[in-house]
Structures are given as C-alpha cells and as structure tokens.
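A.B. asks: what's the 3D shape of this:
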Amino acid sequence: HYTLTSRNFFLLLLKLCIEVFQVKEWNGNGTARWKTFRRQKREWIKFAAACREGEDNSKRNPIARIRSDCEENNPVTYSISGVGIDRAPYGIFVVNPRTGEINITSIVDREVTPVFVIRCFAKHSVTGMDLEPPLELRVRVLDINDNPPIFAQSVFTGSVEECSMDNTLVMKIIASDADEPNHLNSKIAFKIESQEPSGQPMFI
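C.D. replies: So this is what the prediction gives:
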C-alpha cells in the first residue's frame, strides 16, 4: 500500500521534469555498456520580437511565446509580471495562461521604457507549485526619429577679434536629441540659416 503525500507528489513532479538519457561506453576489452545520466530539463523555450515605438504592434502578435517542457507531463498555467503588466503602465502585455503566448495591447514609447523586462512563471495548474524557476524575457523597443534636437540654451554668445584669421573659433553651440544614443535617429547636423547684417556669409 502506498500513500501519495504532498511531499511525494512534489518529488513525483520534480522527477517528471528531469530528462533521463543513456550513453554507450566502451571499456578496455572492447565490450560496451550503457550508462544512465540524469540532467536538468532544457531551458524554457522562448522567443521575443522587438517592438517599434509609436506604432500598433498588435498585428505582429504574439510578440513572444514561452513554453515549459513540463507541459509534456503536467497541466501548466503560465503567468507574467513586471512593468507594463502588473506595474505601471499596466496591461501593455498579456499572456494566454494555457499557450504561453504573450501579446502586446498598446503603443509603447522608447523614451519612456526602452526595454521591458518580463518575468515569466510556469505553475502546476492544480497544485499551484512552480514547475520552473522564473524566466526573464526582454522585449526591446525600437527607436523611431520622433524627437527634434533641442539647443542647450536659447542664446549662445561668442566673440572674435577684428582681422582674425579664417576659421578662427568664435563659439561652440550644443544641442541634444532624446532618440536612441549612438543611433542615426539621434545624430545632429548643424547649419546656419541666416546672419545679420546680411550679405557675404561670414561664419561657417
């Protein structure tokens, strides 16, 4: 007679999530034997597509999917948490608890959140016990050129002595762009629109 206690049930679940495999080994006299190994289950199966800011990404859903190998032997319920889920801004990402498919529901802004870090969980649907350690899934927000350059101040003042040589430094103007650093969208080009008094251009 055998009683299935909660501890035994947990151990049974744990065993179901372990892979058993055999390797043939040859000894010195040429005979072979099978050696059994146990190893921890493979990492979660996952993928995550990047999302473009300022656009409706829902047409690309699911933008991510998680799946545990424990699905083969256990009823699994998937859940997620993090910024954009159960922390403000709420509800940007939702997960199908049965399939592990993660959908995006609203437009995102890279300047607010450049990367969403989603913590993923796989629990036994009946007991609520964790079948996996939490998985960290990163969803990158792709930049678009939606920020104009801004000068560091409204007026820059410089000076130059009369009869100075060509290309004498007069002043340095500084501007910044809130788009992604080291990206084409944040590169800045300067040009002089006009000068007073007008006439032959005196500055470059």
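A.B. asks: where's Gln66, which helix or strand?
C.D. replies: Heads up, residue 66 is Ile, not Gln. Assessed by DSSP states H and E, Ile66 sits inside strand 64-67.
A.B. asks: Chain neighbours aside, what residue packs nearest to Ile102?
C.D. replies: In space, and not counting its chain neighbours, Ile102 is closest to Ala64: 4.0 Å by Cβ to Cβ, 6 or more residues apart in numbering. C-beta coordinates here come from the backbone N, C-alpha and C atoms, glycine included.
A.B. asks: That neighbour touches Asn96, doesn't it?
C.D. replies: No: at 11.1 Å, Ala64 and Asn96 do not qualify as touching, with contact defined as Cβ atoms under 8 Å.
A.B. asks: returning to that earlier point: from Val95, how far off is the residue nearest to Ile102?
C.D. replies: 9 Å (Cβ to Cβ, to the nearest Å).
A.B. asks: can you list residues touching both of those two?
C.D. replies: Shared contacts of Ala64 and Val95, defined by Cβ atoms under 8 Å, 6 or more residues apart in numbering, are found at 101-102.
A.B. asks: in the sheet, who's paired with the residue nearest to Ile102?
C.D. replies: In this entry, Ala64 is beta-bridged to Ala48, Ile102, by DSSP bridges.
A.B. asks: separation between it and Val115?
C.D. replies: Look at Ala64 and Val115: by Cβ to Cβ, they are 13 Å apart.
A.B. asks: Then Arg52?
C.D. replies: To Val115, Arg52 is 14 Å away according to Cβ to Cβ.
A.B. asks: Looking at these two, which is more packed in?
C.D. replies: Remark: of Arg52 and Val115, Arg52 carries more neighbours, 15 against 11, as counted by other Cβ atoms under 10 Å.
A.B. asks: Please look at the more buried one and Asn145 and confirm they touch.
C.D. replies: No: Arg52 lies out of contact with Asn145 (Cβ under 8 Å); the separation is 11.6 Å.
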